[in-house]
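Participant: compute the structure for the input listed below.
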Amino acid sequence: MEDHINSLSQLKIKGLVLGSLHKAPTDSETDLSLDAVDGSLGTLDNFKSFMSKAQGKGISVVVDLTPNYRGQMPWYSDKFLQDPSQQAKIKGAFDFWLGLGVKGIQVSGLDHLVDKAPALWEELWNKTKWEGSEPADR
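Facilitator: Residues are numbered from 1 along each chain as shown. You can find the predicted model right below:
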């Protein structure tokens, strides 16, 4: 992707959504690492370099943080919502990727958090909220 930043900029692309970059073995909750780049896709340094070039061209990046994109396990079940360690894992992942400069995070399967875990939903929402052209509370 890094090699294509100039071409994307010439096309006036202002934003990219990158598919899941994190380590996510099929249905393996214990091996899931939401705050690490999957080695088959590159390194953290590769991602940082990509982000630097994208930002330099005015291209915003959103990452997909869907934990079970390789499996069938329902990650955001009631069990997940009651497990503080799983909640901490996803909060930490938000902090990690946002700290690297991504402008947003796409996570499939979080829609029921609004009703079942409103405090968690609000915390994740606030981490990604923007006011004008700047992050609200980062």
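Participant: going forward, measure contacts between C-alpha atoms and count neighbours the same way
Facilitator: Will do.
Participant: parallel or antiparallel, which strands does the helix or strand encompassing Leu34 pair with?
Facilitator: Using DSSP states H and E, the element containing Leu34 is strand 33-37. Taking DSSP bridges as the criterion, strand 33-37 sits next to strand 22-23 (antiparallel) in its sheet.
Participant: ok, how many other residues are close to Gly15?
Facilitator: Gly15: 15 surrounding residues under other CA atoms under 10 Å.
Participant: for beta bridges, what are the partners of it?
Facilitator: Residues in beta-bridge contact with Gly15 (DSSP bridges): Ser60.
Participant: quick one, what contacts it?
Facilitator: Ile59, Ser60, Val61, Val62 (CA atoms under 8 Å, 6 or more residues apart in numbering).
Participant: between all of those, which two are separated the most?
Facilitator: Ile59 and Val62 (10.0 Å; CA to CA).
Participant: what do those two both touch?
Facilitator: In contact with both Ile59 and Val62: Gly15, Leu16, using CA under 8 Å, 6+ apart.
Participant: ranges for the helices of this protein?
Facilitator: Assigned by DSSP state H, the chain shows helices spanning 5-10, 44-56, 78-82, 84-99, 113-116, 118-128.
Participant: mean pLDDT lowest for which of those?
Facilitator: Sorting the helices of the chain by mean pLDDT places helix 78-82 lowest, at a mean of 69.
Participant: and Leu34, which of the helices of the chain is closest to it?
Facilitator: Once these are compared by CA to CA, helix 84-99 is nearest, at 5.4 Å.
Participant: now do the buried residues in that closest one.
Facilitator: Neighbour-count burial for helix 84-99 flags Gln86, Ile90, Lys91, Ala93, Phe94, Asp95, Trp97, Leu98 (criterion: 16 or more other CA atoms under 10 Å).
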